[in-house]
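Trainee: Structure for this input, please:
(2 chains)
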Number of protein chains: 2
Amino acid sequence: MYNFEFYNPVKIIFGKGEIAKVGSQIPQGEKVLMTYGGGSIFKNGVYDQVKAAIAGFDVIEFGGIEPNPHYETLMKAVELVKKENITYLLAVGGGSVIDGTKFIAAAVYFDGNDPWDICAKKAPVTKAMPIGAVLTLPATGSEMNGNSVVTRAEYQEKLSFGSPLVMPQFSVLDPEVIFSLPEKQVANGIVDAFVHVIEQYLTFPVNSPIQDRFAESIMKTLVEEGPKVLANRADYDAAANFMWSATMALNGLIGVGVPQDWATHMIGHELTAYHGIDHGRTLAIVLPGVMQVRRQEKKDKILQLGAQVFGITDGSDDKRIDETIQATVDFFESVGIPTRLPDYNVPAETIAKIADRFEKRGYTVGETKIGPAEIKLILENRL
Amino acid sequence: MYNFEFYNPVKIIFGKGEIAKVGSQIPQGEKVLMTYGGGSIFKNGVYDQVKAAIAGFDVIEFGGIEPNPHYETLMKAVELVKKENITYLLAVGGGSVIDGTKFIAAAVYFDGNDPWDICAKKAPVTKAMPIGAVLTLPATGSEMNGNSVVTRAEYQEKLSFGSPLVMPQFSVLDPEVIFSLPEKQVANGIVDAFVHVIEQYLTFPVNSPIQDRFAESIMKTLVEEGPKVLANRADYDAAANFMWSATMALNGLIGVGVPQDWATHMIGHELTAYHGIDHGRTLAIVLPGVMQVRRQEKKDKILQLGAQVFGITDGSDDKRIDETIQATVDFFESVGIPTRLPDYNVPAETIAKIADRFEKRGYTVGETKIGPAEIKLILENRL
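Mentor: Modelled structure (predicted):
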């Protein structure tokens, strides 16, 4: 196990009916900007629940934060925060709304010309506004971490930043929000959470049984509970288990003291940037390619994944690796997520564009140092 | 899964050499009271490492906090804090030192006649001094929670309190402290951590696969890594895995949204109070009795423990329950911890004294409502 630091002060309030507690979590007298997305919260009742919970506060609303939240949209919120002297941000939504709100929180205090530098140049975040969150879609884990991914539409760029200063002070997780989610969003969330675990697990062994077993616990639970949620959206227990799995997948805990990869995410982000493919779907496309191309470097952990999560224990190493890659593909497809580029009408030319982009950025991705040549092979594997 | 709140802002700094970071974690200008126990830190080098790390601070020392920290000792530290205008507490030790330091932190600001009321009458903690910790003995999990157990020697009482206000701001976990631990302390720590998990696991199912699997992950790791630590104290990886297991066993995470018991601890505390038996050893005595007497109420979870942790899957329910209780006993005895009252020269009369005490206190213990009659049966099972 490597040396590590772990710090996660996000307060989680979990369970049915808990949205009513939001008001008690925000300090009296704060002027609140309530951020949200495209308006699903009006249909599922969450908007009304949140408004009732914060009735005692001076609240201004900022809706319309899109999936893969746009820098351009978020900068409008930054202006509003300054103009209205907002003191507290309340994100009500899924990962995009929470990620976007983190960017707003940091950009308000950014000391420089262009807050995009926080993502593009990893400019340090030295101060941020306080954030609370009400999660409406389990997937990204943003509700319990300091990570954020923002898209700058004009550059077709999707980049991330992270800071403990943008961790929510509290997040309310009511599994009942899942009851009204469309199938596609549930499926995307299952895959997203699963691949978050993979990025912190599927590297090479460093003798870390707690982290490995926790990771396998989350993946097994997603494989079991995900299909139950899809089959019956009103299954509260399955919804709760799925929601808690997605949060635990990316709150930092399973990643302490172990190598991490994130190659699948980095390559997937480019598919979203160029073709607007949902984030979870890009991961389902890219991961099997990463497993295939890095099957030697990741061999021990692929075999462990096969044995512990998919019950694959017979045959030669190569056979078990093949079966584990196939089991991963089958799992994604079983929840209705296609895993090949043609399924999304991505032309072969995109592969060279993405490889070129990494070439220009001049960095390799992931713990196993994946460069432009490997990225090409990975994406060609997905044709 | 039940509704729950989870909040754990303790910053963990984990790994070899990390004690050097202690100074950077304490705000400049604080006047520090460094608390410790019987002096093992002088022999293993931890004292020198800590003193070097906090060379820039005004530091007063308070040593001699005993195992099962005594109220009487801790109140002397409270006086010292007031007299010397101490502003920050740095606990350097195992669970007893950290628990004791939590009591000091709360007692300094106690608004009433006798700070013992914090334990005896569950008087609310409304303010506490900031605490940092350097862990020297993995066992209690105190380094990452807000729990504390204090003994009042004159009353032969051992009672607990808990408050998020006494959670350490940071805890440094350097597995190398294990290298010089005596076998008995390692063994006690293994059993203590194992039973912490049991108290949050061995109740009844509420459909909580993440919590269950995390709990099983910790127990399996303790069963595997514990003996390695005992066999070779200089095995860094085993030490690190044991240390992280003990912390994860009681930082609140595996207990969210599930029923908890704590009957084994409550009964065990009485054996320490009357006979001074090490805490971990009292748990090894009591737990098999709890499992036997509550074998019906805990049936599903005993079977799950047997299957998932000890690989017991064949035969009737009764047979598997018997085997799982025996496997638990065998595990404790394999690390050198006897599990019966006569092994510790506890006379049969003690059983009635303990049952009487619970009778007088007028409460049952644990999620499965264990009263004086069951406590008698449990302890009689351990004769």
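Trainee: does residue A:20 really touch residue A:52, like I thought?
Mentor: Yes. Applying C-beta atoms under 8 Å, one finds residue A:20 in contact with residue A:52, separated by 7.4 Å. Yep, even glycine has a C-beta here, placed from its N, CA and C like the rest.
Trainee: which secondary structure element contains residue A:104?
Mentor: helix A:95-107 (DSSP states H and E).
Trainee: domains in chain A, as residue ranges please.
Mentor: A:11-176, A:182-380 (automatic domain parsing).
Trainee: mind checking which of those is nearest residue B:206?
Mentor: domain A:182-380 (8.6 Å; C-beta to C-beta).
Trainee: How far does the closest one stretch from one end to the other?
Mentor: In domain A:182-380, first residue to last residue: 31 Å (C-alpha to C-alpha, to the nearest Å).
Trainee: Now it: average pLDDT?
Mentor: What domain A:182-380 shows for mean pLDDT is 96.
Trainee: re the thing from before, check the offset of the helix holding residue A:104 from the chain's centre.
Mentor: 13 Å (C-alpha atoms, centre = their mean, to the nearest Å).
Trainee: Show me what that helix packs onto, helices and strands only.
Mentor: strand A:31-35, helix A:71-84, strand A:88-93, helix A:117-120, strand A:131-135, strand A:147-152 (3 or more C-beta pairs under 8 Å, 6 or more residues apart in numbering or on different chains; DSSP states H and E).
Trainee: which parts of the stretch 151-300 of chain A sit against chain B?
Mentor: Taking C-beta under 8 Å from any C-beta of the partner chain as the contact definition, the stretch 151-300 of chain A meets chain B at A:207-210, A:213-214, A:216-218, A:220-221, A:224-225, A:237, A:240-241, A:244-245, A:248, A:253, A:256-257.
Trainee: Please read off the pLDDT at residue A:48 from the model.
Mentor: 97.
Trainee: Residue A:39 too?
Mentor: The model's pLDDT for residue A:39 equals 85.
Trainee: Could you find the closest non-adjacent residue to it?
Mentor: Distances taken as C-beta to C-beta, 6 or more residues apart in numbering or on different chains place residue A:63 nearest to residue A:39, at 6.5 Å, with adjacent residues excluded.
Trainee: Next up, the contacts around residue A:124.
Mentor: The neighbourhood of residue A:124, defined by C-beta atoms under 8 Å, 6 or more residues apart in numbering or on different chains, consists of residue A:163.
Trainee: what separates it from chain B, distance-wise?
Mentor: Residue A:124 sits 18 Å away from chain B, going by C-beta to the nearest C-beta, to the nearest Å.
Trainee: and if you look at residue A:122?
Mentor: Taking C-beta to the nearest C-beta, one finds residue A:122 at 22 Å from chain B.
Trainee: three-state assignment of that residue?
Mentor: coil (DSSP: H, G, I helix; E, B strand; the rest coil).
Trainee: Surely it and residue A:161 touch.
Mentor: Yes. Using C-beta under 8 Å, residue A:122 is in contact with residue A:161, at 6.9 Å.
Trainee: May I have the one helix or strand residue A:52 maps to exported as CSV, CA atoms only?
Mentor: According to DSSP H and E, residue A:52 maps onto helix A:46-53. Provided in CSV are the C-alpha atoms of helix A:46-53 (Å, rounded to 0.1, in the frame of the first residue of the first chain):
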residue,chain,number,x,y,z
VAL,A,46,-38.0,17.6,-5.9
TYR,A,47,-38.2,21.3,-6.7
ASP,A,48,-41.3,21.7,-4.5
GLN,A,49,-39.6,19.6,-1.7
VAL,A,50,-36.5,21.7,-1.8
LYS,A,51,-38.3,25.0,-1.9
ALA,A,52,-40.4,24.0,1.1
ALA,A,53,-37.3,23.1,3.0
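Trainee: C-terminal to the longest strand that chain A contains, which secondary structure element comes first?
Mentor: Across chain A, the strand with the greatest residue count (assigned by DSSP state E) is strand A:4-14. Next helix or strand after strand A:4-14 toward the C-terminus (DSSP H and E): helix A:22-25.
Trainee: Quick check: helices, which of the residues of the stretch 151-300 of chain A next to chain B are part of them?
Mentor: A:209-210, A:213-214, A:216-218, A:220-221, A:224-225, A:237, A:240-241, A:244-245, A:248 (DSSP state H).
Trainee: buried subset of these?
Mentor: A:209-210, A:213-214, A:216-218, A:220-221, A:225, A:237, A:240-241, A:244-245, A:248 (16 or more other C-beta atoms under 10 Å in any protein chain shown).
Trainee: Which of those residues sits closest to residue A:115?
Mentor: Nearest to residue A:115 among those, with distances taken as C-beta to C-beta, is residue A:248, at 30.6 Å.
Trainee: now that closest one: how far from residue B:256?
Mentor: 10 Å (C-beta to C-beta, to the nearest Å).
Trainee: Grab the nearest non-local neighbour of the most centrally placed residue in chain A.
Mentor: Residue closest to the average C-alpha location in chain A (C-alpha atoms, centre = their mean): residue A:140, at 2.6 Å. In this structure, residue A:140 finds its nearest non-sequential neighbour in residue A:95, 2.8 Å apart by C-beta to C-beta, 6+ apart.
Trainee: so what's that neighbour up against?
Mentor: For residue A:95, the contact set (C-beta under 8 Å, 6+ apart) comprises A:137, A:139-142, A:192, A:279.
Trainee: Next, find the distance separating residue A:105 from residue B:344.
Mentor: For residue A:105, the distance to residue B:344 - C-beta to C-beta - is 57 Å.
Trainee: Neighbour count: the two, which is higher?
Mentor: Between residue A:105 and residue B:344, counted using other C-beta atoms under 10 Å in any protein chain shown, residue A:105 has the larger neighbour count: 28 against 17.
Trainee: you'd agree the more buried one is up against residue A:129?
Mentor: Yes. The criterion here is C-beta under 8 Å, and residue A:105 meets it with residue A:129 at 4.2 Å.
Trainee: Common neighbours of those two, please.
Mentor: With C-beta under 8 Å, 6+ apart as the test, residue A:105 and residue A:129 both reach residue A:89.
Trainee: would residue A:112 count as being in a helix?
Mentor: No. Under three-state DSSP, residue A:112 falls outside any helix and is assigned coil.
Trainee: Strands of the stretch 251-383 of chain A, start to end?
Mentor: For the stretch 251-383 of chain A, strands defined by DSSP state E, counting those that start in this stretch do not occur.
Trainee: all helices of it, in order?
Mentor: A:263-275, A:279-293, A:299-310, A:317-334, A:349-361, A:372-380 (DSSP state H, counting those that start in this stretch).
Trainee: Just name the most buried of those.
Mentor: Across the helices of the stretch 251-383 of chain A, averaging neighbours per residue (mean count of other C-beta atoms under 10 Å in any protein chain shown) puts helix A:279-293 on top, at a mean of 25.
Trainee: roughly how far is that one from the heart of the chain?
Mentor: For helix A:279-293 - counting by C-alpha atoms, centre = their mean - the centre lies 15 Å from the chain centre.
Trainee: got the CA coordinates for that helix in CSV?
Mentor: Taking C-alpha atoms only, helix A:279-293 is exported to CSV below (Å, rounded to 0.1, in the frame of the first residue of the first chain):
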residue,chain,number,x,y,z
HIS,A,279,-20.5,10.3,-20.2
GLY,A,280,-21.5,6.9,-19.0
ARG,A,281,-21.8,5.6,-22.5
THR,A,282,-18.3,6.8,-23.5
LEU,A,283,-16.9,4.7,-20.6
ALA,A,284,-18.8,1.6,-21.7
ILE,A,285,-17.2,2.1,-25.2
VAL,A,286,-13.7,2.8,-24.0
LEU,A,287,-13.1,0.4,-21.1
PRO,A,288,-13.2,-2.9,-23.0
GLY,A,289,-10.6,-1.4,-25.3
VAL,A,290,-8.4,-0.4,-22.4
MET,A,291,-8.7,-3.8,-20.9
GLN,A,292,-7.8,-5.5,-24.2
VAL,A,293,-4.8,-3.2,-25.1
